[in-house]
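**Student:** this is a predicted model, with the sequence first.
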Amino acid sequence: MIIATKTLQFVRVIEGAGGAFPDDPPIATAALGALTAWSAAGRVMRIAVWFAAIDASRARVPGLTATIGGYFFTPGADFGLPDAPEMWHDADTRTGQSLDRPAVFDVSYIQKMGVRLSAVVDASATAVEIRMSVQEMPR
């Protein structure tokens, strides 16, 4: 698992073609667990999730938007269900957010978290990758 620190930590790449990207799995499905997640290194803080849309020449493509859904993983034991699998909860969903600026989420110490992207819009139709990194931010 990735630990978010004050230094940007690479998370994952979402591959697309000609500005079209697949949606990540919905929060209500077990497939969500296959996405890369991270935890905070400090106490209660903010986590910034940074995005970089990249074209075939490896240049940054500005102007993309997407629905960004943050979610938290919680062990079943935290709900008195020691044999239950992890459960996930919607942290915040932002529709039509620019990928040119980070999505910021409040998290507590050692809270496992992830972000799913859907409805990506690339008006230039040139992006072939969306790269995601995370970073701690002071409150």
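**Tutor:** Cool, the structure landed.
**Student:** name the helix or strand for G70, please.
**Tutor:** Assigned by DSSP states H and E, G70 belongs to strand 65-74.
**Student:** ignore what I typed, I meant V128.
**Tutor:** Going by DSSP H and E, V128 is in strand 127-137.
**Student:** beta partners of the residue nearest to the spatial centre of the chain?
**Tutor:** Closest to where the C-alpha atoms of the chain average out (Cα atoms, centre = their mean) is V115, at 2.5 Å. Listed beta-bridge partners, V115: G70 (assigned using DSSP bridges).
**Student:** so it touches V49, yeah?
**Tutor:** Yes: if you go by Cβ atoms under 8 Å, V115 and V49 touch, sitting 5.1 Å apart. Using the backbone N, CA and C atoms, a C-beta is placed for each residue, glycine as well.
**Student:** identify the contacts common to those two.
**Tutor:** 68, 70, 103, 132 (Cβ atoms under 8 Å, 6 or more residues apart in numbering).
**Student:** by mean pLDDT, which helix or strand of this protein comes out lowest?
**Tutor:** Using mean pLDDT, DSSP states H and E, strand 2-4 stands out as the lowest-scoring helix or strand of the chain, at a mean of 68.
**Student:** packing partners for the helix or strand just after that strand?
**Tutor:** Once the chain leaves strand 2-4, the next helix or strand it forms, by DSSP H and E, is strand 9-15. Contacts defined by 3 or more Cβ pairs under 8 Å, 6 or more residues apart in numbering; DSSP states H and E place strand 9-15 against strand 2-4, strand 127-137.
**Student:** where does the prediction get shaky in the chain?
**Tutor:** For the chain, applying pLDDT under 70 flags the ranges 1-3, 28, 30, 40-44, 109-110, 139.
**Student:** 80 instead, please
**Tutor:** Scanning the chain for pLDDT under 80 picks out 1-7, 27-35, 37-45, 85-87, 107-111, 137-139.
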